[in-house]
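Peer 1: structure, please.
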Amino acid sequence: MISTVHYGISDSIRVTLELLFDKYKHELADVDFEKFFARYHHHNDHVWSLYRDGKIEKETLRYVRFERAFADLGKHDSNQFVRSFSDDFMEICPKQPHTLDGAHDLLDFCKSNYQMHIITNGFIEVQGHKMNAAKLNDYFKHMINSEHCGVRKPHAGIFEYAMKVSGASPDESLMIGDDWVADIIGARDFGMDQAFLTTTEDLLSQMQVGEGHDPLRHNYKPTYTISSLNELKKYL
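Peer 2: Modelled structure (predicted):
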């Protein structure tokens, strides 16, 4: 079983941003946190898509998502401030212990029956901090990082690399993920079953509707669609 696992991403991000808004309370006194949080998610999702497609470098990704979110709210701050904010975020966020509801319960359920691995496009220098903070290391045999194999999800090469490292085959593997293109379409095109966790997309759709846009829609039905990790148990 090949799996991506998510670390309570929105909780970790929210807690980190709240800490930073407190640290920079004088500079951000006129910025509405909830509006900023929504705009950050919008731009973060977009720049990660660019990074996935090789159209942006990770150093730019780290910075520009905050720059654009602040600009949307009329705060065109100096490069120095945004850089400091970004650096602090990268220092604090990976050390947050949050996981999605049901993560450890599902992992305990799976650990005696499946071999589990992580496939990630995340930055190699922060993944270890995330795993340690969330107490996830003991569940996974391998972490397959895009920076190790030179290609990113949804490219077939990272799935091929994962099969080689794990000794698994596509027809006996299940990809669990919340990124529609990187996780679900990538696994589908490689011949793997998929379990689409909708938590991140539900949040993004809610924000889009709140801004007067249509919710996200897809024209492909994954093998399984789940709105919480605990739902996956009935399929395993």
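Peer 1: and the protein, what are its domains?
Peer 2: According to the domain assignment given by automatic domain parsing, the chain is divided into the following structural domains: 9-95, 103-235.
Peer 1: can you list these in JSON lines and add mean pLDDT and mean neighbour count?
Peer 2: Where C-beta positions appear, they are placed from N, C-alpha and C, glycine not excepted. What follows is the domains of the chain, written out as JSON lines (pLDDT from 0 to 100; neighbours: other C-beta atoms under 10 Å):
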{"stretch": "domain 9-95", "mean pLDDT": "92", "mean neighbour count": "16"}
{"stretch": "domain 103-235", "mean pLDDT": "90", "mean neighbour count": "17"}
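Peer 1: top helix in this protein by residue count?
Peer 2: Among the elements of the chain assigned as helix by DSSP state H, the one spanning the most residues is helix 33-52.
Peer 1: helices or strands up against that helix?
Peer 2: Applying 3 or more C-beta pairs under 8 Å, 6 or more residues apart in numbering; DSSP states H and E, one finds that helix 33-52 makes contact with helix 9-23, helix 58-72, helix 199-210.
Peer 1: of all those helices, which lies closest to residue 36?
Peer 2: Across those, residue 36 has its closest neighbour in helix 58-72 (5.8 Å, C-beta to C-beta).
Peer 1: please enumerate the helices of this protein.
Peer 2: 9-23, 33-52, 58-72, 79-92, 103-110, 124-134, 146-149, 156-166, 186-190, 199-210.
Peer 1: returning to what we had before: need the helices and strands packed on helix 33-52 in TSV (columns: distance to residue 151).
Peer 2: Below are the helices and strands packed on helix 33-52 laid out as TSV (distance: least, C-beta to C-beta, whole Å):
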stretch	distance to residue 151
helix 9-23	23
helix 58-72	15
helix 199-210	22
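Peer 1: figure out which of those is closest to residue 95.
Peer 2: Ranking the helices and strands packed on helix 33-52 by distance to residue 95, with C-beta to C-beta as the measure, places helix 9-23 first at 9.0 Å.
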